[in-house]
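J.: got a sequence here, can you model it:
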Amino acid sequence: MNEIEKKWCANILADLGHSFKRYELLLAEASHRIFYRLYTETNSLVFMISPPSLENNNQFFKLSKLFVRFDLPVPEILHFEAEQGYFLMHDLGTTHFEDIYDTSTEELAIKSAISALYEFQKISDPIIPNYSAQRLEDELSIFDNWIIDEVLDSRFPKVMETRASKKLIAQAMEQPQVCIHRDYHCRNLLFENGRLGIVDFQDALIGPGFYDLASLLCDCYHNFSIAKVDKYLTFYLEGSDLYRETPFDTAKGWLVMTASQRQIKAIGIFVRLWLRDNKPSHLRYIPHVMNALIQQTEGYPDLESLHQLLITLKNPLTEKIQHYL
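T.: Just a heads-up that it's a prediction; the model follows:
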């Protein structure tokens with residue numbers, strides 16, 4: 001943190017009746033934003049530097065106010081300096097979901113996160129854009145552009161050339177369209193002292209109702225057993241006014257297809273971070289996500305063309321990135 005940033009933090013904290021004691025840098029591997037935890041004499045807050053030229057800060061600010069109004073556990077913004085992209089926010093804690101997976105706290109945390117989705121789905125506001133079919137298609141194309149074209153030198157068919165790609169987009173549009181966080185995974189969810197915290201919500205859209213559940217249960221950074229996925233899917237259906245009458249097989253199909261679209265996009269983004277942004281940090285997750293995709297698409301006739309393509313691509317892609325893992 002430079003002296004200008006320190007002075008800004010100290011002045012704002014003083015206005016709020018606090019003294020600035022110390023700070024620490026927080027990890028944010030794949031973001032243009034920089035985060036610091038600020039310690040005062042009594043508590044901690046989070047200072048975020050979000051470059052206005054690279055991030056939609058006004059949307060983040062508006063969504064924060066909207067979600068706080070609906071009592072969602074997102075960090076309340078205490079001060080926003082638009083020109084510099086400075087935010088001072090409440091601190092939701094240090095324990096992320098990935099820290100408590102496979103512990104006795106996991107089930108309570110996941111059920112809390114699922115219950116929060118019901119509240120997200122009640123929100124309707126003009127500031128939240130729609131998740132269009134074109135956007136879904138563009139996201140699938142990230143895989144083609146960065147993996148098929150750049151890494152594999154266009155030697156293989158593209159995802160968008162498979163019959164399955166049309167099904168992935170169509171089923172997403174068939175689902176009830178609701179407010180979705182859109183990045184609802186273990187690094188954006190916290191569970192501190194039995195309380196849920198949700199961050200990184202600036203890309204929220206009105207989109208397929210199973211999108212956030214797919215982000216949670218088919219996480220690129222953690223692997224749940226099929227039994228656990230089915231257990232938490234059942235919990236989701238039983239507690240939802242929107243989906244309580246949806247047959248389990250229909251819901252499972254929506255979950256698998258939504259997760260597949262999201263994971264294909266994620267692999268493309270992980271490679272784009274490497275080639276475009278010189279950030280190889282996420283390459284290590286690609287073999288896991290490829291394996292998960294191959295496993296979950298097996299047995300779905302509508303996804304057979306995608307399943308076979310993924311099998312064909314797995315080894316060539318892994319060999320290409322192996323040097324950087």
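
J.: contacts for the helix or strand harbouring Leu140, please.
T.: Assigned by DSSP states H and E, Leu140 belongs to helix 133-143. By C-beta atoms under 8 Å, 6 or more residues apart in numbering, the surrounding residues in contact with helix 133-143 are 159-160, 165, 168-169, 172-173, 261, 264-265, 267-269, 272. Quick note: C-beta positions are derived from backbone N, CA and C, even for glycine.

J.: what is the nearest of those residues to Met290?
T.: Minimum distance to Met290 across the contacts of helix 133-143 is 6.9 Å, recorded for Ile267 (C-beta to C-beta).

J.: picking up where we left off before, and the following helix or strand past the helix holding Leu140, which residues are buried?
T.: Where DSSP H and E defines the elements, the next helix or strand beyond helix 133-143 is helix 163-174. Buried residues in helix 163-174, counted by 16 or more other C-beta atoms under 10 Å: 164-165, 167-169, 171-172.

J.: just to revisit the earlier point, now, the most widely separated pair of the contacts of helix 133-143?
T.: Checking these with C-beta to C-beta, the most distant pair is Met173 and Arg272, at 25.1 Å.

J.: what are the ranges of the helices in the protein?
T.: 3-15, 57-69, 97-100, 106-120, 133-143, 163-174, 211-217, 226-239, 248-275, 286-297, 304-321 (DSSP state H).

J.: which among these is found nearest to Asp200?
T.: helix 57-69 (9.3 Å).

J.: just want the angle from the closest one to helix 106-120.
T.: With axes from the mean of the first three to the mean of the last three C-alpha atoms, to 10 degrees defining the directions, helix 57-69 sits at 100 degrees from helix 106-120.

J.: helix 57-69 - contacts with which helices or strands?
T.: strand 77-81, strand 86-90 (3 or more C-beta pairs under 8 Å, 6 or more residues apart in numbering; DSSP states H and E).

J.: and the residue minimising distance to the centre of the chain, how far from Gly197?
T.: For the chain, Asp183 is the residue whose C-alpha lies nearest the centre (C-alpha atoms, centre = their mean; 1.8 Å). Separation of Asp183 from Gly197 (C-beta to C-beta, to the nearest Å) stands at 14 Å.

J.: pLDDT weak spots in the chain?
T.: Residue ranges of the chain with pLDDT under 70: 29-30.

J.: quick one on the thing from earlier: out of the helices of the chain, deepest packed?
T.: Most buried of the helices of the chain by mean neighbour count (mean count of other C-beta atoms under 10 Å) is helix 211-217; its value is a mean of 26.

J.: ok, residues contacting it?
T.: By C-beta under 8 Å, 6+ apart, the residues outside helix 211-217 that reach it are 110, 113-114, 117, 120, 131, 172, 180-185, 189, 224, 228-229, 232-233, 236, 255, 258-259, 262.

J.: spit out the contact partners of Ser154.
T.: For Ser154, the contacting residues are Ile148, by C-beta under 8 Å, 6+ apart.

J.: mind redoing it with 6 Å?
T.: Contact analysis of Ser154 by C-beta atoms under 6 Å, 6 or more residues apart in numbering lists nothing.

J.: now swap in the one 5 residues further on and tell me
T.: By C-beta under 6 Å, 6+ apart, the contact list for Val159 reads 140, 143-144, 165, 264.

J.: swap in Gln263?
T.: Contacts of Gln263 by C-beta under 6 Å, 6+ apart are 289, 293.

J.: nearest to Pro75, out of the helices of the chain?
T.: Pro75 sits nearest to helix 57-69 of all the helices of the chain, at 7.1 Å, using C-beta to C-beta.

J.: which other residues reach that closest one?
T.: Counting by C-beta under 6 Å, 6+ apart, 50, 74, 76-77, 80, 85, 125, 127, 201-202, 204 sit against helix 57-69.

J.: now do stretch 96-104
T.: Defining contact as C-beta under 6 Å, 6+ apart, one finds that stretch 96-104 is touched by 106, 109, 186-187, 189-191, 221-222.

J.: of the residues you listed, grab the buried ones for PyMOL.
T.: The PyMOL selection below is limited to those of these classed as buried (16+ other C-beta under 10 Å):
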select buried, resi 109+186+187+189+190+191+221+222
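
J.: ok, the nearest residue to Thr312 once chain neighbours are set aside to His307 distance?
T.: Nearest residue to Thr312, sequence neighbours excluded (C-beta to C-beta, 6 or more residues apart in numbering): Phe156, at 6.4 Å. Distance, Phe156 to His307, by C-beta to C-beta: 14 Å.
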